[in-house]
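In: What follows is a predicted protein model with its sequence.
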Amino acid sequence: MKMGIFAIFMTLIFIYLNMQQVDNHVSDEAHLRIKNAADFATHDAALNIDKVQREMGNIIFLRPEALSSFKTTLMKNLNLDLGLYPISPNLFRTSDQMKILVFDYIDNNSTVCTSFPCTYINSTYGYIDILKGPSIVAIISMRHPRPYGISIDGEFIVGSSHEYIP
Amino acid sequence: MSNTAAKAVKLAAQDGYLSPRVINIVKQDLTNMHFQTSLLTITGTTAQVTRGNPVTVTVQYPVGNLYIFVNFFSVDPAAMSYHYTFNENSEFIR
């Protein structure tokens, strides 16, 4: 009788710890994937510059092409569709949209940074980076994939910046 | 392995394709982490692409023995592998 009650309690504790372990692991994997995808995406976005301006010595990013490269690389790496919703099967839920919160062009036209190196600060999302040259800064967010619902129902907010590669 | 694959994509983007240099770096890194190089599969873009075009790198490694009664009662599903695929645009200028 005593062993029966003990066994039930231990089973419940085991189930809870197992759920927490899985949630933790999925959380780590998801954050790593988003961060890697954001880094690759800003790298690709930072390649799109105006060649005519570059010949004159200015580095100006092409606005529509940079955003489009950013989205395309995000879609390829995280398996999203054109509306940035995950395509099943995926680590993330198909109903959670990937949101691009901030997409800044820090180039020679920018008012945020007039000379380099420059400290870029976004106080809304707590993103600080020291930029040594013209860069693209992006902050994206994705809802946490909670397989068991033990983790906080929040969002990963991941920032990434990448300098123009000459 | 995920971190090594991400590093491999960044280096492959510099070269414009999955060059032998990148393959060697991946094999070296994973051998230092006690992976067996003979079981490792590294595939990706083989033709050199110019700046702005996508480069893909996939790193695969078979999953080890997780269960003890494999193929005991009937045929079990085929062995799977850990696989990481990353895409990035090339920054190579000829």
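Out: That came through, no problem. Numbers count the residues shown, from 1 in each chain, chains lettered A, B, ... in the order given.
In: show me what contacts the residue of chain B positioned farthest from its centre?
Out: For chain B, the C-alpha lying farthest from the average C-alpha position belongs to B:Phe73; by Cα atoms, centre = their mean, that distance is 33.5 Å. In this structure, B:Phe73 makes contact with no residue, judged by Cβ atoms under 8 Å, 6 or more residues apart in numbering or on different chains. Glycine gets a C-beta too; all of them are placed from N, C-alpha and C.
In: That one in helix, strand or coil?
Out: Three states are possible here, and by DSSP: H, G, I helix; E, B strand; the rest coil the one that applies to B:Phe73 is coil.
In: Just the pLDDT at it, thanks.
Out: Per-residue pLDDT puts B:Phe73 at 72.
In: Next, work out how far apart it and B:Val63 are.
Out: If you measure B:Phe73 against B:Val63 using Cβ to Cβ, to the nearest Å, the figure is 20 Å.
In: circling back: got the phi and psi for the residue farthest from the centre of chain B?
Out: Backbone dihedrals for B:Phe73, given as degrees, to the nearest 10, come out at phi -90, psi -40.
In: Repeat that for the one 5 residues further on.
Out: Backbone torsions for B:Ala78, taken as degrees, to the nearest 10, come to phi -60, psi 150.
In: What parts of chain B come near chain A?
Out: Within chain B, the positions adjacent to chain A are B:2, B:6, B:9-10, B:13, B:51-52, B:54, B:86-89, B:91 by Cβ under 8 Å from any Cβ of the partner chain.
In: at 6 Å what do you get?
Out: Those residues of chain B that sit near chain A, judged by Cβ under 6 Å from any Cβ of the partner chain, are B:Ala6, B:Gly52, B:Asn87, B:Glu88, B:Asn89, B:Glu91.
In: number of nearby residues for A:Val137?
Out: Other residues within reach of A:Val137, judged by other Cβ atoms under 10 Å in any protein chain shown, total 23.
In: That one and A:Phe61: what is the separation?
Out: Shown here: A:Val137 relative to A:Phe61, a distance of 11 Å by Cβ to Cβ.
In: Show the contacting residues for A:Glu155.
Out: A:Ser141, A:Arg143 (Cβ atoms under 6 Å, 6 or more residues apart in numbering or on different chains).
In: Over to the one 4 residues further on?
Out: Counting by Cβ under 6 Å, 6+ apart, A:Gly159 touches A:Tyr127, A:Ile139.
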